[in-house]
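Undergrad: show me the folded form of this:
(2 chains, ligands or ions: 2)
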Amino acid sequence: MSVQQFIQNPWSNWMKGQGPDADIVISTRIRIARNLRHQPFPLLATDSQAEEVVNQVAKVVRTESLGKEGPFELIMMDRLQPLEKRVLVEKHLISPNLAEESRKGAVLLSGDESISIMINEEDHIRIQVLLPGFQLTEAWDIGSRIDDIFEKHVNYAFDEKRGYLTSCPTNVGTGIRASVMLHLPALVMTQQINRILQAINQVGLVVRGLYGEGSEALGNLFQLSNQVTLGMSETDILSNLYSVAKQIIEQERVARRYLQENSALALEDRICRSYGILLHARTVESKEAAQRLSDVRLGIDLGIIQNVSPFTINELLVLTQPGFLQQHAGQKLTPEQRDERRARLIRERLRAKIA
Amino acid sequence: MNCEDCGKRPATLHLTKIVNGEKTEYHICEHCAQEKGHVFADFHNFSINNILSGLLNFDPLVKNSMSGLHNQTTAQKPMRCETCGLTYAQFSKSGRFGCSDCYRYFGDRLDPLFRRIHGNTQHIGKVPERTGGQLKIRRELEQLKTLLQQYVMTEEFEKAAEIRDRIRALEKKMEQA
Ligand SMILES: [Zn+2]
Ligand SMILES: [Zn+2]
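TA: Ligands and ions are numbered 1, 2, ... in the order given. So this is what the prediction gives:
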């Protein structure tokens, strides 16, 4: 796969809309932070030191088979246009930090885009595994295996007391950040979400969401991840996250059933209205698009909307981001132009499924 | 409300970040959000630096080293990583280490910070096979010794003998290393 394909093709493995609990868990991500022993962290590295890190990491990937996920494509950040980098961010393949702030940053991408190995982000190496649905153990197994392969060839910065040494003290120890992207419309509608978010904070996990006006999260999407990386084993971190996520998933299902049983008409009306608007709107802002797509997604999960696949919604969530819209248009667009393009794109995709 | 970043456009994105129960809100316009890449697709990393730096600057040890009131040694000679040259004061400002040796030079002074972030100071997770030194073997030995005791207690002597051999082999490996 060429660099351009990663940028132009909207499809990523994580958007499949499959996998365990995929009605609520959009995707699972594991990120493993590692550093080389005798190199300053990217923050202080000179250009030539940073280049040396890229060479060392890329060499391992060239010489070792990383398994069925390969081959990997090495993409240097300084070869990309700002818009192209942004598209990779919108596809969750690289972090905004790598796109914007890294010097001599690079990424190794697997063909199906489920593995990306960022080089010279905040740490020398960040192995990211991104899978559809709820697949924590699976993602960790893949990430840990790649970690083991690297470890055979490079000297990691590791300390008996502190574990894997990272640039930021929040990642030291295991260096792993595991997260699940949850779609929780019913918990938001029934106004139970805040209670749950508060409880989560007390068990070493964090939830992040981008908030729209009022207190509604954009598209009802929440990212749940571990906060603690030191003093807990990887298994403990994962099982802690797993059990909390599982409880939230269950609560969301209960809330969905409650809505179906107690306000079926209002729920159906809301979902179908959103669907209608997306099918016919001529201009739509990103915030509204996210909310309407969330409604349609819920409609699909509840069997109210039957001719659209969850994959289409996941794909649209990415396609309607500003970077992608502009990449697709081949030019910079004003917010008004983007709103118009966004509406057209959603119309076309949804209609294609009906026909 | 106007955007906290540019102060010109109205703030249309309201982001809440919760770290260890502490809630911080940001109000920015769509334009600035896009400029900075705070797009909907990926919302981690938002100002974690600021939050962390706030946390570090509340560290009483840092205050002491800055004012030099209580700790004379740090007042005379700022704590510094000899490999990369980063001082503890610089670290506490940026919230970032300069190299892996910083951990060694700042030493136990980091414990209060780690305790606050992680509730812990000692790693108990994965150990790299090759560069993990003897830690991996030592951990395995500890586990095997516990197992050995269990087998002796339950009088499963065949299994116990097997474990004993494995322990001997590992101990030999450690001596050679
Ligand atoms: Zn602004
Ligand atoms: Zn250092």
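
Undergrad: okay, CA-based contacts and neighbour counts for the rest of this
TA: Will do.

Undergrad: all strands for the stretch 1-150 of chain A, in order.
TA: Taking DSSP state E, counting those that start in this stretch, the strands of the stretch 1-150 of chain A run over residues A:25-34, A:72-76, A:106-110, A:115-119, A:125-132.

Undergrad: what does chain B give?
TA: Secondary structure of chain B, counting by DSSP state E: strands at B:13-19, B:22-28.

Undergrad: so which of the strands of the stretch 1-150 of chain A is nearest chain B?
TA: Closest to chain B of the strands of the stretch 1-150 of chain A, according to Cα to the nearest Cα: strand A:25-34, at 10.7 Å.

Undergrad: related to what we said a few turns ago, of all the strands of the stretch 1-150 of chain A, which lies closest to A:Phe6?
TA: strand A:106-110 (8.6 Å; Cα to Cα).

Undergrad: strand A:115-119 and that closest one, what's the angle between them?
TA: 170 degrees (axes from the mean of the first three to the mean of the last three Cα atoms, to 10 degrees).

Undergrad: got any ranges where chain B has weak pLDDT?
TA: B:14-24, B:34-77, B:132-133, B:177 (pLDDT under 70).

Undergrad: which parts of it are helices?
TA: Taking DSSP state H as the criterion, chain B contains helices spanning B:30-35, B:48-57, B:60-67, B:72-76, B:88-94, B:102-106, B:111-118, B:135-153, B:157-176.

Undergrad: rewinding a little: redo the strands of the stretch 1-150 of chain A as a markdown table? Include mean pLDDT and distance to A:Val284.
TA: Formatted as a markdown table, those follow (pLDDT from 0 to 100; distance: least, Cα to Cα, whole Å):
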| stretch | mean pLDDT | distance to A:Val284 |
| --- | --- | --- |
| strand A:25-34 | 95 | 23 |
| strand A:72-76 | 93 | 33 |
| strand A:106-110 | 94 | 33 |
| strand A:115-119 | 96 | 32 |
| strand A:125-132 | 95 | 27 |
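
Undergrad: please identify the most buried of these.
TA: strand A:115-119 (a mean of 28; mean count of other Cα atoms under 10 Å in any protein chain shown).

Undergrad: ok now that strand, how far from the chain's centre?
TA: 13 Å (Cα atoms, centre = their mean, to the nearest Å).

Undergrad: can you list the strands that it pairs with?
TA: The pairing partners recorded for strand A:115-119 under DSSP bridges are strand A:106-110 (antiparallel), strand A:125-132 (antiparallel).

Undergrad: quick one: contacts for A:Leu319?
TA: The neighbours of A:Leu319, taking Cα atoms under 8 Å, 6 or more residues apart in numbering or on different chains as the test, are A:10, A:325.

Undergrad: by proximity to ligand 1, which residue of the stretch 251-355 of chain A wins?
TA: Residue of the stretch 251-355 of chain A nearest ligand 1, by Cα to the ion: A:Pro335 (13.8 Å).

Undergrad: now the phi/psi pair for that residue, please.
TA: Main-chain dihedrals, A:Pro335, degrees, to the nearest 10: phi -50, psi -40.

Undergrad: what about it, how many residues close to it?
TA: Number of residues near A:Pro335 (other Cα atoms under 10 Å in any protein chain shown) recorded here: 14.

Undergrad: hang on, the earlier thing: could you dump the helices of chain B to a markdown table with mean neighbour count?
TA: Converted to a markdown table, the helices of chain B look like this (neighbours: other Cα atoms under 10 Å in any protein chain shown):
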| stretch | mean neighbour count |
| --- | --- |
| helix B:30-35 | 16 |
| helix B:48-57 | 17 |
| helix B:60-67 | 16 |
| helix B:72-76 | 13 |
| helix B:88-94 | 18 |
| helix B:102-106 | 19 |
| helix B:111-118 | 18 |
| helix B:135-153 | 15 |
| helix B:157-176 | 13 |
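
Undergrad: tell me, how many residues neighbour B:Gly85?
TA: Counted with other Cα under 10 Å, residues neighbouring B:Gly85 total 14.

Undergrad: what does A:Lys246 give?
TA: 15.

Undergrad: what's the distance between it and chain B?
TA: 21 Å (Cα to the nearest Cα, to the nearest Å).

Undergrad: just the pLDDT at that residue, thanks.
TA: Note on A:Lys246: pLDDT of 95.

Undergrad: got a list of what it touches?
TA: Contacts of A:Lys246 by Cα under 8 Å, 6+ apart: none found.

Undergrad: swap in the one 10 residues further on?
TA: With contact taken as Cα under 8 Å, 6+ apart, A:Arg256 is in contact with A:186-187.

Undergrad: if I look at it, how far off is ligand 2?
TA: Plainly put, A:Arg256 is 52 Å away from ligand 2 if you go by Cα to the ion, to the nearest Å.

Undergrad: helix or strand: which one has that residue?
TA: Take DSSP states H and E as the rule and A:Arg256 turns out to sit in helix A:234-262.

Undergrad: what's the following helix or strand after that helix?
TA: helix A:264-280.

Undergrad: A:Ile117 is nearest to which of the helices of chain B?
TA: Of all the helices of chain B, helix B:48-57 comes closest under Cα to Cα, at 21.7 Å.

Undergrad: circling back to that earlier point, so the helix holding A:Arg256 versus helix A:264-280, what angle?
TA: Angle of helix A:234-262 versus helix A:264-280, following the same axes, to 10 degrees, is 100 degrees.

Undergrad: give the buried residues for helix A:234-262.
TA: Residues of helix A:234-262 classed as buried by neighbour count (16 or more other Cα atoms under 10 Å in any protein chain shown): A:234, A:237-238, A:240-242, A:245, A:248-249, A:251-253, A:255-256, A:259.

Undergrad: now the two most distant members of those residues.
TA: Put simply, by Cα to Cα the two of the buried residues of helix A:234-262 set farthest apart are A:Glu234 and A:Leu259, 37.2 Å from each other.

Undergrad: using the three-state scheme, assign A:Val206.
TA: Secondary structure assignment for A:Val206 (DSSP: H, G, I helix; E, B strand; the rest coil): strand.

Undergrad: count residues in the vicinity of it, would you?
TA: The burial count for A:Val206: 24, using other Cα under 10 Å.

Undergrad: quick check: which ranges of chain A have low pLDDT?
TA: A:1, A:67-69, A:210-217, A:353-355.

Undergrad: in it, what residue lies closest to chain B?
TA: As assessed by Cα to the nearest Cα, chain B sits closest to A:Ser233 within chain A, at 4.0 Å.

Undergrad: what's around that residue, how many residues?
TA: A:Ser233 has 17 neighbouring residues, counting by other Cα under 10 Å.

Undergrad: partner residues bridging residue 28?
TA: Just so you know, I chose chain A. A:Leu131, A:Val180.

Undergrad: let me rephrase: I mean chain B.
TA: With DSSP bridges as the rule, B:Ile28 is bridged to B:Leu13.

Undergrad: my read: it touches B:Thr12, true?
TA: Yes - with contact defined as Cα atoms under 8 Å, B:Ile28 and B:Thr12 form a contacting pair (6.2 Å).

Undergrad: between the strands paired with strand A:115-119, which one is closest to A:Gln326.
TA: Among the strands paired with strand A:115-119, the nearest to A:Gln326 by Cα to Cα is strand A:106-110 (22.3 Å).

Undergrad: now do that closest one: distance to the chain's middle.
TA: 15 Å.

Undergrad: show me the contacts for A:Thr137.
TA: Neighbouring residues of A:Thr137 by Cα under 8 Å, 6+ apart: A:Leu238.

Undergrad: convert the C-alpha atoms of stretch A:302-319 to CSV, please.
TA: Extracted in CSV, the C-alpha atoms of stretch A:302-319 (Å, rounded to 0.1, in the frame of the first residue of the first chain):
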residue,chain,number,x,y,z
LEU,A,302,-32.2,-1.3,17.7
GLY,A,303,-33.5,-2.6,14.4
ILE,A,304,-35.4,0.6,13.7
ILE,A,305,-33.3,1.4,10.6
GLN,A,306,-32.5,-1.7,8.6
ASN,A,307,-31.0,-0.8,5.3
VAL,A,308,-27.9,1.0,6.6
SER,A,309,-24.8,-0.9,8.0
PRO,A,310,-22.9,0.2,11.1
PHE,A,311,-19.9,0.3,8.9
THR,A,312,-21.4,3.1,6.8
ILE,A,313,-21.9,5.2,10.0
ASN,A,314,-18.3,4.6,11.3
GLU,A,315,-17.0,5.5,7.8
LEU,A,316,-19.1,8.7,7.8
LEU,A,317,-17.8,9.7,11.2
VAL,A,318,-14.4,9.8,9.7
LEU,A,319,-15.3,11.0,6.2
